[in-house]
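**Q** 3D, please:
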Amino acid sequence: MSGVPAEMGRALDDAVDAAFEARQLPFFERLVETPSHTHAREDVERAAALVDELAAEVGLRTERVPDPQGRFADHRVHASPAAAGDRPALALVGHVDTVFPRAMGFLHMRRGEGDEADRVFGPGTLDMKSGLSCILFGLRAARTVVPDLLETLAVRFVCNTDEEVGSPSSAPLLRRLAAHTTRALVFEGGRDGDRIITRRKGGGSFFVEVEGVSAHAGNEHEKGVSAILALSLLVPVIESWTNYERGTTLNVGLIEGGTAKNTVPDHARCVVDARFTSLDEARAVEAKMQALADDPFAGRAVPERVRTARVRVGGGVTRPPMEATERTQALRRDYEACAAAVGLGTGEAPLQGGGSDANLLAAEGVPVIDGLGPWGRYFHNPREFSSLESLRRRTKALARFLAAERLRQRG
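**A** Got it, this is the predicted structure:
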């Protein structure tokens, strides 16, 4: 796929330009100024309702998918008529939740001035309400130029509400949809040089809890079993599994235990952040954590009293790694033909340390690329901003890609 015919490309660009200031930016501002911190369920629901409204206007049919435990707002699957039922379809993926609670007072969008006139600042301007506007207005422009687009292009716009906390509720939905997804584009904020994300590290969160025996440190120290001592012997073991050459890191980032300085502590706990670049490494980390649970002091010289401490290990892989495949690279090249036509840069971004919903889809075998929202800086920071010109061009690139994908799907 080399993009679209020149005349159609110009018409798609014009359709984006015609709506950009008049429709897209007002919608973007309204969405940004609707708070949607992940755990503020009602706020997220209000923000998602704005997306629902525009998706319906574009011509998509909305399915709401509740969180079984009621913790998060409903996830949404907005589908074209051509993607009815379980028909294989292109997926456009984004999330409406942000990391910013109302209490921060970071609630408004503002446009920059002077040297920053191209920038907009505010919660979600980069991560990733700009990406949602790109999806909706890319679809709108493509349908303006190709009126039967949604009747002939099988496409689903998946908008979840819990991505910022690891997609615990929406992961099963994404895995279910993966079986009916041909290719996927994820609209997290863009990277320097407009380079496309094809690889992300996977991640896991584990905890280790140790139960010892409390005793008075002055009178009966010998009767106690220090949970802190036992845990301190396990921390170096966990950290030793880090292997930079393989891209695997283990970080004991939180540790707690004890009640008073004169009491042998009967409880201690640590939390471990794990990162890896391949599924094989993810499985290896899980196996090592299981072995630690089965025999925590195997082959190690520790006081006999410490061996009586009970050790419990929990947690697991939260996001599998996103690994590039040849089908991923083919998708990247197809998208880049459209991106280059509107003045965006091309090429692969370096391996990303953080995860996204692209990880979940890639692990299911779906060709997926990420970082297709506009360029900006300061993810998860009150200085967050995105570029308006980048947003305009990303919207044009998507409109062109959708028109080209329709031609590809029709053979």
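**Q** can you map out the helices along the stretch 51-200 of the chain?
**A** 129-145, 149-152, 171-178 (DSSP state H, counting those that start in this stretch).
**Q** go on, the stretch 201-350 of the chain?
**A** Taking DSSP H, counting those that start in this stretch as the test, the helices found in the stretch 201-350 of the chain are 227-239, 279-294, 304-307, 326-341.
**Q** who wins for proximity to residue 56 among those?
**A** Among the helices of the stretch 201-350 of the chain, the nearest to residue 56 by CB to CB is helix 326-341 (26.1 Å). The way it works is simple: take the backbone N, C-alpha and C, and place the C-beta from them, glycine included.
**Q** Output the contacting helices and strands for the closest one.
**A** strand 368-369, helix 388-409 (3 or more CB pairs under 8 Å, 6 or more residues apart in numbering; DSSP states H and E).
**Q** Go through the longest one and flag the buried ones.
**A** For helix 388-409, the buried set under the neighbour-count rule, 16 or more other CB atoms under 10 Å, comprises 388, 390-407, 409.
**Q** Reformat the helices and strands packed on helix 326-341 as CSV; add distance to residue 360 and mean pLDDT.
**A** Below are the helices and strands packed on helix 326-341 laid out as CSV (distance: least, CB to CB, whole Å; pLDDT from 0 to 100):
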stretch, distance to residue 360, mean pLDDT
strand 368-369, 9, 98
helix 388-409, 21, 96
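**Q** Turn the ones you listed into TSV, including distance to residue 117.
**A** TSV is the format used below for the helices and strands packed on helix 326-341 (distance: least, CB to CB, whole Å):
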stretch	distance to residue 117
strand 368-369	30
helix 388-409	9
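**Q** To residue 289, which of the ones you listed lies closest?
**A** By CB to CB (comparing all of the helices and strands packed on helix 326-341), the closest turns out to be strand 368-369, at 27.6 Å.
**Q** Describe which strands the helix or strand just after that closest one pairs with in its sheet and in which direction.
**A** Heading C-terminal from strand 368-369, the first helix or strand you meet, by DSSP states H and E, is strand 376-377. In the sheet, strand 376-377 lines up against strand 385-387 (antiparallel) (DSSP bridges).
**Q** what does the strand it pairs with contact?
**A** Strand 385-387 has contacts (CB atoms under 8 Å, 6 or more residues apart in numbering) with 112, 116, 118-122, 125-126, 130, 189, 373-378.
**Q** Buried subset of the residues you listed as a PyMOL selection?
**A** The PyMOL selection below is limited to those of those classed as buried (16+ other CB under 10 Å):
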select buried, resi 119+120+121+122+125+126+130+189+373+374+375+376
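**Q** ok, back up a step: which one of the helices of the stretch 51-200 of the chain lies closest to residue 332?
**A** Closest to residue 332 of these, according to CB to CB: helix 129-145, at 17.3 Å.
**Q** follow-up on the earlier one: reformat the helices of the stretch 51-200 of the chain as a markdown table; add mean pLDDT and distance to residue 67.
**A** As requested, those are exported to a markdown table (pLDDT from 0 to 100; distance: least, CB to CB, whole Å):
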| stretch | mean pLDDT | distance to residue 67 |
| --- | --- | --- |
| helix 129-145 | 98 | 19 |
| helix 149-152 | 97 | 28 |
| helix 171-178 | 97 | 10 |
